[in-house]
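>>> please find the sequence and the predicted model below.
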Amino acid sequence: MSTEIVMLRHNRIDLALHILRAEPVDSRNPSRPLLLLHGLGDRSPESVPAWVAAWPGPIAALDFTGHGASTCPASGGSSPEPLMADVDQALAHLTDDDPDRSITVLGRGLGAYIALQIAGARASQVHGAILVDGPGLAGGPTGPSSQAVFALETNGTTPDPYALVELGRDLRPGDYAVSFVNLANAGAPIANPITVASSFRPKWLDAVVDSPGVVEATLADALASYA
């Protein structure tokens, strides 16, 4: 089970931040925290996953709005940008006792897209964003398309059915994704602020991979480089 769940108030939403490992593995060699972002329709793990167990520092995981133990809104309107604001709240909490601390972010699926965005929006705080496979990685079209109006039954439980539909088809133009790479390159303290460790490559991710400052690596190598 989680060592601790911290509830962060964000407007009318309560966000669940799971503290999976509160202290570094070796107290004599402190390392920055790792923040895990889950895929679409998923939730944070209850303990440190085996695939990140080698990370030497603290590990936390965030439940996005409408997922896991976070608030499920009463209606639709989900998009990646408010989820990026969710992550901003988590970064603020994790750096509250040390504003100069940097965080490495690892996102799966939808979380990979949000990790890319926060790497650009908070370039000075994010010491590397790792993008890996998971549900919701593809998103929707890369250009404008017709929109359907629909209503879904909700009962306050997660995952939010509106989020599953809307975040599974959100617009992801390649040039928009690359704009976050450019922001990360301009503000990050490291040379390669984004690492792609996914096998599946939707069009927006192809555009990211072709950009300066982005490297391709295995997950293990990405974690080792940012640790």
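Thanks, I have it.
>>> helix or strand next in line after the helix or strand of the chain with the lowest mean pLDDT, which one?
Across the helices and strands of the chain, mean pLDDT, DSSP states H and E gives its lowest value to helix 161-166, namely a mean of 90. As assigned by DSSP states H and E, the chain's next helix or strand after helix 161-166 is helix 174-187.
>>> what packs against the next helix or strand after that next one?
Following helix 174-187 in sequence order, the next helix or strand is strand 194-196 (DSSP H and E). On a contact count with 3 or more CB pairs under 8 Å, 6 or more residues apart in numbering; DSSP states H and E, strand 194-196 meets strand 126-132, helix 203-209, strand 214-216, helix 219-226. Where C-beta positions appear, they are placed from N, C-alpha and C, glycine not excepted.
>>> please repeat the previous calculation with a cut-off of 10 Å.
strand 103-108, helix 110-121, strand 126-132, helix 174-187, helix 203-209, strand 214-216, helix 219-226 (3 or more CB pairs under 10 Å, 6 or more residues apart in numbering; DSSP states H and E).
>>> among the ones you listed, which comes closest to Val25?
With CB to CB as the criterion, Val25 lies closest to helix 219-226 of those, at 12.9 Å.
>>> related to what we said a few turns ago, okay if I get the helices and strands packed on strand 194-196 as JSON lines plus mean neighbour count?
Output for the helices and strands packed on strand 194-196, formatted as JSON lines (neighbours: other CB atoms under 10 Å):
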{"stretch": "strand 103-108", "mean neighbour count": "26"}
{"stretch": "helix 110-121", "mean neighbour count": "27"}
{"stretch": "strand 126-132", "mean neighbour count": "27"}
{"stretch": "helix 174-187", "mean neighbour count": "18"}
{"stretch": "helix 203-209", "mean neighbour count": "19"}
{"stretch": "strand 214-216", "mean neighbour count": "17"}
{"stretch": "helix 219-226", "mean neighbour count": "18"}
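>>> out of the ones you listed, which gets nearest to Ser78?
Of all the helices and strands packed on strand 194-196, it is helix 110-121 that lies closest to Ser78, at 10.2 Å by CB to CB.
>>> what is the mean pLDDT for the closest one?
On average, the pLDDT along helix 110-121 is 98.
>>> tell me the angle that helix makes with strand 103-108.
If you take axes from the mean of the first three to the mean of the last three CA atoms, to 10 degrees, helix 110-121 sits at 150 degrees to strand 103-108.
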